[in-house]
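Enquirer: got a sequence here, can you build the structure:
(2 chains)
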There are 2 protein chains.
Amino acid sequence: MSGREERTLARIALAWLTEPGTRSVHQLVDELGPVAALELLLDGGAPDRKLRATVAARMAGGDPRAVAAEAVERTARLGARIVTPEDEEWPARVADLHGLQLPEAYRRVDTETAPPLCFWVRGAWPLAEALERSVAVVGARAASGYGTHVATELGYGLADRDWTVVSGGAYGIDAAAHRGALTAGGLTVAVLACGVDRPYPMGNAALFERIAESGLLVSEWEPGADPLRSRFLIRNRVISAGTLGTVVVEAAARSGATQTAHRALAMERPTMAVPGPVTSAMSVGVHELMREHPKTRLVTGVAHVLEEVGRIGVDLAPPARGPDRPTDPLDDEAGSVLEAMPRRGTAGVERLAARAGLDLRTTLRKLSLLEELALVVRREEGYALAPPPRSTAVRAAGP
Amino acid sequence: MSGREERTLARIALAWLTEPGTRSVHQLVDELGPVAALELLLDGGAPDRKLRATVAARMAGGDPRAVAAEAVERTARLGARIVTPEDEEWPARVADLHGLQLPEAYRRVDTETAPPLCFWVRGAWPLAEALERSVAVVGARAASGYGTHVATELGYGLADRDWTVVSGGAYGIDAAAHRGALTAGGLTVAVLACGVDRPYPMGNAALFERIAESGLLVSEWEPGADPLRSRFLIRNRVISAGTLGTVVVEAAARSGATQTAHRALAMERPTMAVPGPVTSAMSVGVHELMREHPKTRLVTGVAHVLEEVGRIGVDLAPPARGPDRPTDPLDDEAGSVLEAMPRRGTAGVERLAARAGLDLRTTLRKLSLLEELALVVRREEGYALAPPPRSTAVRAAGP
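Expert: The predicted model follows:
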C-alpha cells in the first residue's frame, strides 16, 4: 500500500470513527497527519474524553481500517471516487471552515465545523473546477409554489451564465434549484448528508441520477451511510464553504437553510435572501435573516446574485496551477482558442475564431493542436471541450 | 384686522402665489415675517428671476390678498380651519424639512422642500396631537390584493395600539391603511394635495368624509385648489416630516411612495418597507428601496413597525408645554385618572380606577374635578375624554 493510499484510508477511517467536522480530529490530522492521528485514536489517545467515548463506541461496531478498505472497494464499484486534500481537485475554499466561528455556538453542529477529511464524488467534473464559479441556492423543503418558481428561475439563470448551482438535494427549494440548472444544460452539484449511492430523499432518486450524469453528487460520508438528522446540519457548512455565495430562497423561522446562511455570513461570504410575501410562513426565516443580519443582501433575481458573487469572482486571483497541467505547453493563440470554447456544448470554428480574436486559419491550426493534446474533441456539430478524465476510487486512493 | 390675522392672510397669499415648499419664500418669511415677505413679492422684489416670473404669472389671475380673504371665508363655511406656526396645534416636527437635502436633487419637487406655510385642517383633533404618535403608511395606487391586505392590517394594528395612521388618501395602499385605522376605531390623517373640500380621488369621497368625522383631512392648499400632478410629490414631504416613521407597503419602481421614503431617509426618520413576492411589479420599488438604502428596515407587521418608531417615541422628551394648559392645575391623582382615560371611546369608573391605580372613591372624586375642568365628559356608557375645542378658520386667523 502506498503512503497516499494509506493516508486516504486513514481519512476515511477517521471520518467514520468521529463524524466529519470534529475540530479536535482535524487538529490532530493537521499536526500528525491522518495515519498517525488514526493510530492515536485507535490506541485510546483521543485528546478529550467525549471523543474517546465516541471512538470506543464506533469501534465496537467494526474495525475502522476494514471499514475504510471496504468503503474504497465499494466506491470503485460505484464508479465514484474519493477526493482528499492531496488531490488536485480538492476544493481549496473549504479550508475557510478552519477559522469559522459561529456566534452563540453551543450545539455540536455549531461547534464541530472543521473542514472535511475527504469527499466522495460521483460525476465526471473535477470537484474544484465544478465549484470554482458556484453559488449555493438553498431553502425550505415545504416550499411554496412561489418559492419553487423563484428557485427554478435562479437555478436556470445561474447555470445559463455558466455558474454552478450547488444545493442539498432536498425536496422543495433545493430540488427546484438543481432542476433549473439541469434544464439550462448547466452544472449542478448536490452535497448530500449520506452516501452518494443512496440518494435521500428517495423521491428525488431520478433527479440524483441526472445530477450524477451531468454534474456531481458529493458527500463526506462513505457509500451506504445513513442520512442521519444531525448530518444535514453538519453538511450545510460544506454548501456555504464550497461556494462563492449562498442564496436562501424560502425558509421557515430558524430552519436549516438559514443555518447555511449563518455559516456563509460567519465566513464573510456573500449571503443573499429572496424576500417573499410577509403572509407566507415560508418567508419568515428569510425576512428574519435580513432583519437580524444586515449583511444579508436582498436579491430578487439572477442579476442581483451575480452582482454579489461576480464582484468576488473578479477579485479572486486565478487558481494556482501546478507545473504539469496539460495546458502548459500552449502558446497564447492556442490558449485563446481554448478559452473561447463554451463550457458545455459545441461551437463552430467561425464562432471560436470570433471569440478568440483570431483568423479562421490560425483558429483551425490551434484546434488541431488542442485535439492532439486531448483538450478538445471534434464532433459533428463543432468543437467541444474534452470531458475531464474520469477519475475512480482506485485513482484517488491509489499510488 | 389683527396682526395675527394679517400674518395668516399673508401666509395664505404666499402659498397661493408661490406654491408650498419654495425655499426662497420660506427664507424670506423667516427673515422678514410673512407680511413683509408678501409685500416684497407683490412689489416684484422676489430674490430670483424664476420666482418673480411665477409671482407675476399668478398675480395676473387675481389679487393675492383677495384670494386669501376669500379662502379664509370659504374655510370658515366648510367648518375647517387654518393652522399656522403661531398656533399651538402646529406640528413642530415639520420644521425638520428646513434642513432636508435630497441627494441628486434636480427637479423642483426635490429641491423645493421647505416646511409648509400653513395648513388647512378638517376634523376635531388638534393637528399636533393627532400627529404626535403617528406613522405614515404609503404605497402604490395599483396595489395588489396582497398589498391591500398588508396595508389594512398595518392600519388596523397601528390604530389599535393608539398610533395615528397617516397617508395620502389615494387608491390602493393609502386607502387600505386609512380604512384599517377606521375599522379599529382609531385616528387617521389624510394629507391631501388639493383643497380639503374637494377630495381627490372622487372614488374615495365617502372615505374622506369618514376621515373628516373621526380623524383629520389636512392640506397645504386652499379650499377648491386642484390636485395638480406636481402637488402630490410636493405633498409627500409633509407625510414623511409629520410622522415618526414611514412604511412603504407596495411600490412600483421609482414611484411616489418610494419618494416619500427618500424624504424620511434624508431626515433620518425610521423608514420601513414591507417585502413582497419578487415576481410582483408592485414590490419592485420596495425591494429597490431596501437594496439601495440599507437604513430602510424590512418590516413584516405592526410589531416590527413599533420596534422602529416606538424606540423613538420612548426616547423623545415629552413635548414642551406652555404655562396655560388646562391640565396644569391637576394633582397627581387627577392626572393619573386623566392618563387612564382611553384615547377614544368610554371607560367605566372601575376600569379607570384599576388603570390609574386608585380606589373607586378617589377615582370618582377626580373624575368630577376633570368634568369641572371640561377635560372629561360623562356619557351613558362611561367617561370619555372631552372632544378638543373645535377650532375654526375664524379662530385660527382671528385675534
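
Enquirer: hey, let's count contacts and neighbours off CA atoms from now on
Expert: Fine.

Enquirer: tell me who's in contact with residue A:45.
Expert: For residue A:45, the contacting residues are residue A:52, by CA atoms under 8 Å, 6 or more residues apart in numbering or on different chains.

Enquirer: please report how far it lies from chain B.
Expert: 52 Å (CA to the nearest CA, to the nearest Å).

Enquirer: try residue A:82
Expert: Residue A:82 is 41 Å from chain B, by CA to the nearest CA.

Enquirer: confirm for me that that residue is in contact with residue A:120.
Expert: Yes: applying CA atoms under 8 Å, one finds residue A:82 in contact with residue A:120, separated by 4.6 Å.

Enquirer: overlap of the contact sets of these two?
Expert: residue A:75.

Enquirer: any idea where the strands of the stretch 251-399 of chain A begin and end?
Expert: A:271-273, A:297-298, A:376-379, A:382-385 (DSSP state E, counting those that start in this stretch).

Enquirer: for residue B:241, which of these is the nearest?
Expert: strand A:297-298 (27.3 Å; CA to CA).

Enquirer: which one, of the strands of the stretch 251-399 of chain A, ends up nearest to residue A:187?
Expert: That would be, of the strands of the stretch 251-399 of chain A and by CA to CA, strand A:382-385, which comes in at 14.3 Å.

Enquirer: outside of that closest one, which residues touch it?
Expert: A:341-349, A:375-378.

Enquirer: next one: that strand to chain centre, how far?
Expert: Relative to its parent chain, strand A:382-385 has a centroid offset of 26 Å by CA atoms, centre = their mean, to the nearest Å.

Enquirer: residues of it that come out buried?
Expert: By neighbour count on 16 or more other CA atoms under 10 Å in any protein chain shown, the buried set for strand A:382-385 is A:383-385.

Enquirer: could you find the closest non-adjacent residue to residue A:267?
Expert: Distances taken as CA to CA, 6 or more residues apart in numbering or on different chains place residue A:100 nearest to residue A:267, at 6.1 Å, with adjacent residues excluded.

Enquirer: residues near that neighbour, how many?
Expert: 22 (other CA atoms under 10 Å in any protein chain shown).

Enquirer: spit out the contact partners of it.
Expert: Here residue A:100 is in contact with A:113-114, A:263, A:266-267 (CA under 8 Å, 6+ apart).

Enquirer: contacts for the strand or helix carrying residue A:158, please.
Expert: Mapping residue A:158 onto the secondary structure by DSSP states H and E places it in helix A:145-160. Applying CA under 8 Å, 6+ apart, the external contacts of helix A:145-160 come out as A:135, A:137, A:164-165, A:172-174, A:176-188, A:249-250, A:301-302, B:277.

Enquirer: now do the buried residues in that helix.
Expert: A:146-160.

Enquirer: that older thread, mind giving me the ChimeraX command for buried ones among the contacts of strand A:382-385?
Expert: Here is the ChimeraX command that selects the buried residues among the contacts of strand A:382-385 (16+ other CA under 10 Å):
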select /A:341,346,347,349,375,376,377,378
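
Enquirer: the contacts of strand A:382-385 into JSON lines, with extra columns for pLDDT and distance to chain B?
Expert: Shown next, in JSON lines, are the contacts of strand A:382-385 (pLDDT from 0 to 100; distance: CA to the nearest CA, whole Å):
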{"residue": "A:341", "pLDDT": "86", "distance to chain B": "35"}
{"residue": "A:342", "pLDDT": "84", "distance to chain B": "31"}
{"residue": "A:343", "pLDDT": "79", "distance to chain B": "30"}
{"residue": "A:344", "pLDDT": "80", "distance to chain B": "30"}
{"residue": "A:345", "pLDDT": "84", "distance to chain B": "31"}
{"residue": "A:346", "pLDDT": "87", "distance to chain B": "34"}
{"residue": "A:347", "pLDDT": "89", "distance to chain B": "34"}
{"residue": "A:348", "pLDDT": "89", "distance to chain B": "37"}
{"residue": "A:349", "pLDDT": "87", "distance to chain B": "40"}
{"residue": "A:375", "pLDDT": "84", "distance to chain B": "42"}
{"residue": "A:376", "pLDDT": "88", "distance to chain B": "41"}
{"residue": "A:377", "pLDDT": "87", "distance to chain B": "42"}
{"residue": "A:378", "pLDDT": "85", "distance to chain B": "42"}
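
Enquirer: out of the contacts of strand A:382-385, which are inside helices?
Expert: Per DSSP state H, helices hold the following members of those: residue A:349.

Enquirer: turn the contacts of strand A:382-385 into a markdown table, including distance to residue A:356.
Expert: Formatted as a markdown table, the contacts of strand A:382-385 follow (distance: CA to CA, whole Å):
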| residue | distance to residue A:356 |
| --- | --- |
| A:341 | 9 |
| A:342 | 11 |
| A:343 | 14 |
| A:344 | 17 |
| A:345 | 17 |
| A:346 | 15 |
| A:347 | 12 |
| A:348 | 12 |
| A:349 | 10 |
| A:375 | 16 |
| A:376 | 15 |
| A:377 | 17 |
| A:378 | 17 |
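
Enquirer: how long is stretch A:270-278 end to end?
Expert: 24 Å (CA to CA, to the nearest Å).

Enquirer: which other residues reach it?
Expert: A:244-250, A:261, A:264-265, A:283-284, A:286-287, A:289-290, A:295-301, A:305, A:308-309, B:146, B:274-278, B:300-301.

Enquirer: now swap in stretch A:230-241 and tell me
Expert: A:20-21, A:93-97, A:109, A:112-113, A:115-116, A:136, A:166-168, A:191-194, A:220, A:246, A:256, A:259-261, A:263-264, A:267, A:269.

Enquirer: can you say which of the residues you listed are buried?
Expert: A:20-21, A:93-94, A:97, A:109, A:112-113, A:115-116, A:136, A:166-168, A:191-194, A:220, A:246, A:256, A:259-261, A:263-264, A:267, A:269.

Enquirer: buried sites along stretch A:194-204?
Expert: For stretch A:194-204, a neighbour-count test (16+ other CA under 10 Å) marks A:194-200 as buried.

Enquirer: tell me the one of those residues nearest residue B:229?
Expert: Distances from residue B:229 to the buried residues of stretch A:194-204, taken by CA to CA, are shortest for residue A:200, at 59.3 Å.

Enquirer: could you list every residue that touches the closest one?
Expert: Here residue A:200 is in contact with A:169-170, A:192, A:194, A:227 (CA under 8 Å, 6+ apart).

Enquirer: got the residues of chain A near chain B?
Expert: A:146, A:274-278, A:287, A:290-291, A:294, A:297-298, A:300-301 (CA under 8 Å from any CA of the partner chain).

Enquirer: ranges for the helices of the stretch 151-300 of chain A?
Expert: Counting by DSSP state H, counting those that start in this stretch, one finds helices in the stretch 151-300 of chain A at the ranges A:173-183, A:205-214, A:229-241, A:256-266, A:284-292.

Enquirer: alright, that wraps it up for me.
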